[in-house]
Structure formats: C-alpha cells, structure tokens
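K.L.:
turn this into a model:
(2 chains)
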Amino acid sequence: MNTRLFEQLHAEGLVSDSSFEKIKKDSDKKLISLHWDIKILLYLGVLLLSGGLGILIYKNIDSIGHQAILVFIALICASAFFYCINTKLPFATSKVESPNVYFDYVLLLACLTFMSFIAYLQFQYNVFGTRYGLATLIPMLVLFFSAYYFDHLGILSLAITNLAAWIGITVTPSQLLKANDFNSSTIIYTALFLGAFLIALAVISKMKAFKPHFEFTYSNFGTHLLFISCLAAMFHFDVLYLLWFLLLIALAYFFYTRSILNKSFYFLVITTLYTYIGMGYVVIQLLDSMRNFGMTSIYLGLMYFIASGIGLVFFLISSNRKIKAA
Amino acid sequence: MIAYNKTSLHNKEVQQQSTSAFESKLISADELQQIKAKYPVHFYTPNFFIRIGLFILTGIVVSFSFSLFSLIFMSSIEDAMKILLLFFSLLTYAALEFMIEKNNHYNSGVDDALLWNSAGMLLGSLIVIIDSGALTNCILTFLISFYCSLRFADRIMGVIAFLSLLAIIFFLFTDHLGISKAIIPFVLMAASAAVYFLMIRLEKKETLKNYKHCFTLIIIFSLLSFYAAGNYYVVREVNNAMFHLTSDGSLPFGWLFWVLTVLIPILYIIRGLLKKDVIFLRIGVLLIAAMIFTIRYYHSVLPLEIAMTIAGAILLILSYVLINYLRQPRFGFVYTEQKGDQKDEKSLIESLVIVETLGQEAKSSDATKFGGGSFGGGGAGGEY
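P.N.:
Okay, the predicted model is just below:
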C-alpha cells in the first residue's frame, strides 16, 4: 500500500486520523498470503500422484492382479468417503463451507476413485453386461449426490459432464466443439435438450434457493450447449435455417434479459458473440441466394460485417452501462 | 508522452488504493465515498468480459474493413498490398488516438484491439517493404513495440520490446560481430540482468508511476530470460540447431551450464524468502520444475510414473507442512486468505479447471470402454 498517497489524502482531510493510524500500522507489518500458491501446489501434487499411480498400476497389472487392484481402489474410495462423511459440516440448502483445507481434495479423490472402480468393474468383468447406460448412470448419480450433499462445485461440474456422457455427448469446455459431431441431427437435438434442461436446473436452483450458488455452473454449461447446438442446427438443416434462426433470436433475447437481471457481464458477452455468428450466417446465406449480383453482394457482405460489428460494440457499451446502473 | 489523460490515471490509482484500503477495513465507507468524489476517473473501462467482447468485435471490424479496402483497390493497382497495409495501419492508429482522446477509452477492449491491429499491420508492411534479414526485423519490432509501450503504457508491448531487444543482441552476435558464439549465453544473461536492474530503479521513480505495471512484467520476463539463457537444455539445443559448435552435439563447458541450471532457481527462492518478494518466490518454484525437466531430459534417473508418484507425494507432504506451519503468520508469510480476494470467482474457475483436467479421464473411460453409449451410436459412433 502506498502510504505516501494516504499521507496526502490525510493532509487533505479525506482520511481521518484513526484510519491513517490503521493504514500506517498495516503497511508496517506487510503480510504476504500464500493461500493460492499452496493450493496450486496441493492440486499439482494430487494430479501427479494420481496420474503416476495410475500408470504404475496399468504397467504392473500382470504381477498385481485385477482383484488386488480393485480392492485397493475400493479401499481408497471407501476411506475417502468415510473421512468426508465424518468431517463434513451439517447439510444446508445454502452454501456450506468446507470444514478444512483438505476436505475438497479428499472428496475429489473419493469420487474419482469411485468412477474408476465402476469403470474397472465393467471393463474387466463386464458386470453390467450390455446395459452400458447403467455403468455411466451409477457414477453420475453418485456424483450429483456428492455435489449436493458435500457442496462441491468441482464435483458438480464433473457430474454434469457425466450426465452429458450418459446421454451421448461431450461437454468439457475445450472439447465441446471438437469432440462432438454436430453434423448429426441426433446430437443437435440431444444437446438442445440437455442445454434447456441445465438452464431449467439453474433457474430452479436460484428460485427455490436450493444451493443457489450452483446456478452459475448449470448456466455456463447450459448456455454454451444451447447456443452451439442452435448454431449447428442452422448450419446443418439447410433449408430450415431461418426457423432455427428464430429460435436463436429467442434464446438471445432470453439470455440477454437474464444477464441484465443477474448483472452478469460474462453471459451478456457470450450471448452477443453467439448471436453475431448466427446473424452473420443468415446474411451470408441471403447474399449467396442472390448470386447474380456478382461483386455487389460481396461488398454488401463486407459492409454488413463492418456495420454490425460497430453496432454491437455500441450495444455492448450501452449494455455495460445498463448493468452497472441496475 | 502517454496518450491517456494523466489526471485520470492518477485518480484511478488513488481510487484503487483507497478501495483496497476499504476492503481491508482500514478506512470507512464514508471516507471512500469522499475520496472517489474528489478524485473522479473519466475513463471508459468496462468489465473484463465486456473488454474481451469489445476486443473481438473491434478486431472483426478492422479486418473486414481492411478486406473491403483491399477489394476496392486491388482491381485497379497491382501489388498494392504493402502500401495498403501501411496506409491502413496508420488509419487504425488514428482511430486509436481518436478513441482515447475523444471517447476516453482506457483498457476498454476497443483501444487494445486498435493498438494491436495497428502495430501488427505496421510491422507486417514494413517487413515486407524493407525485406532484409532477421536483425532488421527485430529492430523494427523493437522500435514499434517500444514506441507503443511508451505511448500507451501497454505492458505486453513492453515485454515484446524487451524480448526483441534480446533478439537484436542475439542476431548481432551471431551474424554480424566476429565474436565467439560460445559467449552468447553470457551476453544474454548480462543483458537480462542489466534490464532487471534498470527496471527496479525505474519502478521506484514517482514520475514514471504510470508505467509501473510495465516494469513489473518486464522484471518477471527478465528473470525468466536470465534463467533461460543459462539453462543447459536451451543452450545446448540452440547450439546444435544453429551453430554446430561440436561434432557430437555435446556442449563445451557443459558443467558450467549445469551449475547455472540448478543454482539459479534455488537462489531465486532464497532471495524471495529473505526479501519477502513474491515474484522471486513464484518464479523460483516455477523454475524448479524447469530444472527438473531439464535434468530428466538428459539423465533419465527414474521411469516417468515413479518420478510422478514421488513428486506428487513430495508436493502433497510439502503443502501439508506449509499449511500447518503458516496458519500463524511467520516471517511475513501466512496461509490464510487475504481480504478482498474474490473468493467466489476463484472457486468457479477452480471447478472449471477440475473438469478440464479430470473430466477428460471420466469421459474417455465411458466412451472408449463402453462403446457407443446408450445412444444407439447415432452420432457417437464415428467420433469415438
């Protein structure tokens, strides 16, 4: 903290004597918090250890044997869950802080080992036979339950990705576009449905005040899914793209009012950008349909992008003001 | 020299300091209100996400405008690209100055995008027009980025200026001066050190306080480049790729670089602890990882999985010990979170990191091992 600055403010009478004393005392002791540094180390440790052990087991599977490994995984999982159940603070519908630093990591370990346990059972012993859905359904239910019961945002995100995997799509942030084949109408409908479902969950969490801080996670996955699948539908269903564009506009309106209401700059920006892509596609399609204009339509297209870009810049600026004022 | 309104820059500093003092409960809300009223900021600086959105949109507008221009002129003038690029870069620059002067944009995304587009196009056109060698290109880069960091106090421009300076020195010594190539690492280390000491002196100057964040970032990069210039892996690979000093690819005076590789991170950490300098401490920890990778690259002591397991265990124990040790403030360090840390936002980011690093595993185990999934393989089949 810049004490010279506060000296000046003090001289101008903007800072009272007692406050200035506090500031001087504070700048003398100068404590440095290593909270997040140590947390990153802890997290890296968990990643390295679990990764290393995983490879170790995989490489030595002949000498260890499947049953031994299964028992080992089950033991870790059970003791981790046991620890969590014993140390957790009582359940509440609002946010519950974790009782200590390690709790979150132990819970993560418990859930991850549970998932590996089920996967291992299915892979090696085919326990669920051909009812593949069951083998993903069980971990998913456990994840959702743990997320709510122990109040853990990371587990909730894992649960959502598992839910998506269960119905057949991939939703981790960096893989959403890459790993899904949005050229298939089944995937598009599934993603639309899942997105709408997640948004509904977000709205309900907030309205019923049942774990309201989960809202962002649900909204985040839901919004991206809805927009991407809607855009994919526009590109995929050639003839009907204007119909899908109407849906996009409706979505944009819905998310715009919601972001203003929730004062969320993040959702405002992603809504704007997704809508911009959709509008651009429609304009290109329209210009493309009047091919006989030749170069004129290309010029028109370029001018459209310039004008609409500038328009959206002003739109974002004014919306920013609106959110700040609200 | 600086393009932004100086009074507003000063007032912004006052407001930031007072806000953090308020968050630490050192001054009252009343006092904060009064300070803010007395020191108003007239900048337009939107929320961080809006800034990203404005950055993207401005970039789109600039590139489409450029396409429109080139489409119009391409048909009439042959080989007009270079001149057009130069002209357009100046046009963008004019727009940038206008937005800052008239609309008070400050880190709004619009000015960032205009700055980067203008500088990029200027550099591109000059490189094509002048068309001579790496050294010239580095000098051009340095001049442009140095000007931009002076005029707009942009910290990344500052870092680019620093890096291009190092590149100038590198190419000077390799291509133009008849000095032994073996001393280049030491020259670069000396240059990094010189820049570091210059920066910490400039950082203290009250008259240059608007560039403070530039200096800080350059300091970080000078510490990194100081290490990189002496790192065994970097020196050896650059030697082999560019100079072929020895026939078998080994490095003359290799032991010296091994000493530097191991010693510098440790010295950084020690200094960080003694001087309570978080920058040194964090870079030191990061470089310990770089050191370990360097050693592992040449001397595979342990198989990867065992090394990972051991490293993970050490990290876990280390953080456990540190957390318990730093529950009470010791030597100016403490574990507990400081007030004003946006805790909610950080835990949201943390949750996304968890899916990103661990969710992958969950998904692939479902997808590969259980076949097409319950979805009849309608779309899942081909992808997995």
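K.L.:
check whether stretch A:197-207 comes into contact with chain B.
P.N.:
No. Stretch A:197-207 lies apart from chain B when judged by Cβ under 8 Å from any Cβ of the partner chain; the minimum separation is 13.5 Å. For the C-beta atoms, the positions are set from N, CA and C on the backbone; glycine is no exception.
K.L.:
ok, and what's touching that stretch?
P.N.:
Stretch A:197-207 is contacted by residues A:160, A:210-212, A:214-216, A:218-219, A:221-223, A:225-226 when judged by Cβ atoms under 8 Å, 6 or more residues apart in numbering or on different chains.
K.L.:
and if we set it to 7 Å?
P.N.:
By Cβ atoms under 7 Å, 6 or more residues apart in numbering or on different chains, the residues outside stretch A:197-207 that reach it are A:160, A:211, A:212, A:214, A:215, A:218, A:219, A:221, A:222, A:225, A:226.
K.L.:
which residues does the fifth one contact?
P.N.:
Just to be clear, that refers to residue A:215. A:202, A:205, A:206.
K.L.:
what helix or strand does it sit in?
P.N.:
Element membership for residue A:215 (DSSP states H and E) is helix A:215-236.
K.L.:
give me every residue in the stretch 1-150 of chain B lying close to chain A.
P.N.:
Residues of the stretch 1-150 of chain B lying near chain A by Cβ under 7 Å from any Cβ of the partner chain: B:14, B:17, B:21, B:24, B:26-28, B:31, B:34-35, B:38, B:46-47, B:49-50, B:52-54, B:56-58, B:60-61, B:64-65, B:67-68, B:71, B:110.
K.L.:
how much space between residue B:271 and residue B:196?
P.N.:
According to Cβ to Cβ, to the nearest Å, residue B:271 stands 12 Å off from residue B:196.
K.L.:
go on, residue B:284?
P.N.:
15 Å.
K.L.:
looking at those two now, which is surrounded by more residues?
P.N.:
residue B:284 (23 against 18; other Cβ atoms under 10 Å in any protein chain shown).
K.L.:
what residues are up against the more buried one?
P.N.:
B:265, B:268, B:269, B:272.
K.L.:
neighbour-wise, give me the winner out of those.
P.N.:
residue B:268 (24 neighbours).
K.L.:
may I ask which helix or strand encompasses it?
P.N.:
Assigned by DSSP H and E, residue B:268 falls in helix B:254-275.
K.L.:
what about the residue nearest the centre of chain B, which helix or strand?
P.N.:
Centroid check for chain B by Cα atoms, centre = their mean gives residue B:156 as the closest residue, at 6.5 Å. Using DSSP H and E, residue B:156 sits in helix B:155-171.
K.L.:
quick one: buried residues of the longest helix along chain A?
P.N.:
Criterion DSSP state H: the longest helix present in chain A is helix A:295-325. The neighbour-count check on helix A:295-325 (16 or more other Cβ atoms under 10 Å in any protein chain shown) flags A:297, A:301-302, A:304-306, A:308-309, A:312-313, A:315-317, A:319-320, A:323 as buried.
K.L.:
most widely separated two among the residues you listed?
P.N.:
A:297 and A:323 (37.4 Å; Cβ to Cβ).
K.L.:
the stretch 1-150 of chain A: helices as residue ranges?
P.N.:
Secondary structure of the stretch 1-150 of chain A (DSSP state H, counting those that start in this stretch): helices located at A:3-11, A:17-29, A:35-59, A:61-64, A:66-87, A:103-120, A:132-150.
K.L.:
find the nearest non-adjacent residue to residue B:213, please.
P.N.:
Leaving aside its chain neighbours, residue B:213 sits nearest to residue B:155 (5.1 Å; criterion: Cβ to Cβ, 6 or more residues apart in numbering or on different chains).
K.L.:
if I look at the one you found, how far off is residue B:327?
P.N.:
Separation of residue B:155 from residue B:327 (Cβ to Cβ): 35 Å.
K.L.:
who has more neighbours, those two?
P.N.:
residue B:155 (18 against 12).
K.L.:
residue contacts, that one?
P.N.:
Taking Cβ under 7 Å, 6+ apart as the criterion, residue B:155 is in contact with B:213, B:214, B:217.
K.L.:
and what of residue A:281?
P.N.:
A:234, A:235.
K.L.:
show me which of the contacts of stretch A:197-207 are buried.
P.N.:
Neighbour-count burial (16+ other Cβ under 10 Å) is assigned, among these, to A:160, A:211, A:214, A:215, A:218, A:219, A:221, A:222, A:225, A:226.
K.L.:
quick check: buried residues in the helix or strand residue B:86 falls within?
P.N.:
Using DSSP H and E, residue B:86 sits within helix B:81-103. Going by neighbour count (16+ other Cβ under 10 Å), the buried part of helix B:81-103 is B:84, B:85, B:86, B:88, B:89, B:91, B:92, B:93, B:95, B:96, B:99, B:100.
K.L.:
could you dump those residues into JSON lines with pLDDT added?
P.N.:
Output for these, formatted as JSON lines (pLDDT from 0 to 100):
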{"residue": "B:84", "pLDDT": "85"}
{"residue": "B:85", "pLDDT": "87"}
{"residue": "B:86", "pLDDT": "89"}
{"residue": "B:88", "pLDDT": "89"}
{"residue": "B:89", "pLDDT": "93"}
{"residue": "B:91", "pLDDT": "93"}
{"residue": "B:92", "pLDDT": "94"}
{"residue": "B:93", "pLDDT": "95"}
{"residue": "B:95", "pLDDT": "93"}
{"residue": "B:96", "pLDDT": "94"}
{"residue": "B:99", "pLDDT": "90"}
{"residue": "B:100", "pLDDT": "90"}
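K.L.:
ok, which pair from those is furthest apart?
P.N.:
Every pair of the buried residues of helix B:81-103 checked by Cβ to Cβ; the farthest is B:84 and B:100, at 24.7 Å.
K.L.:
if we can go back for a sec, quick one: the helix holding residue B:86 to helix A:295-325, angle?
P.N.:
Between the axes of helix B:81-103 and helix A:295-325, defined by axes from the mean of the first three to the mean of the last three Cα atoms, to 10 degrees, the angle is 30 degrees.
K.L.:
buried sites along the helix or strand of chain A with the lowest mean pLDDT?
P.N.:
In chain A, no helix or strand scores lower on mean pLDDT, DSSP states H and E than helix A:17-29, which sits at a mean of 72. For helix A:17-29, a neighbour-count test (16+ other Cβ under 10 Å) marks A:19, A:20, A:22, A:23, A:26 as buried.
K.L.:
burial of the closest residue to the second one other than its chain neighbours, as a residue count?
P.N.:
What it means is residue A:20. Leaving aside its chain neighbours, residue A:20 sits nearest to residue A:10 (4.5 Å; criterion: Cβ to Cβ, 6+ apart). By other Cβ under 10 Å, 18 other residues sit near residue A:10.
K.L.:
okay, residue A:10: pLDDT?
P.N.:
Looking at residue A:10, its pLDDT is 76.
K.L.:
do residue B:110 as well
P.N.:
Note on residue B:110: pLDDT of 91.
K.L.:
so it touches residue B:52, yeah?
P.N.:
No. Under the criterion of Cβ atoms under 7 Å, residue B:110 makes no contact with residue B:52, lying 11.7 Å away.
K.L.:
and the two? which has more neighbours close in?
P.N.:
Between residue B:110 and residue B:52, counted using other Cβ under 10 Å, the more crowded position is residue B:110 (26 against 18).
K.L.:
quick one: residues contacting that one.
P.N.:
A:313, B:54, B:58, B:99.
K.L.:
so the second one is in which element?
P.N.:
Residue B:54 belongs to helix B:48-74 when elements are defined using DSSP H and E.
K.L.:
quick one, that helix and helix A:295-325 angle?
P.N.:
Angle, helix B:48-74 to helix A:295-325, by the same axes, to 10 degrees: 160 degrees.
K.L.:
if we can go back for a sec, quick one: the residue nearest to the centre of chain B and residue B:122, what's the gap?
P.N.:
For residue B:156 relative to residue B:122 (Cβ to Cβ), the value is 16 Å.
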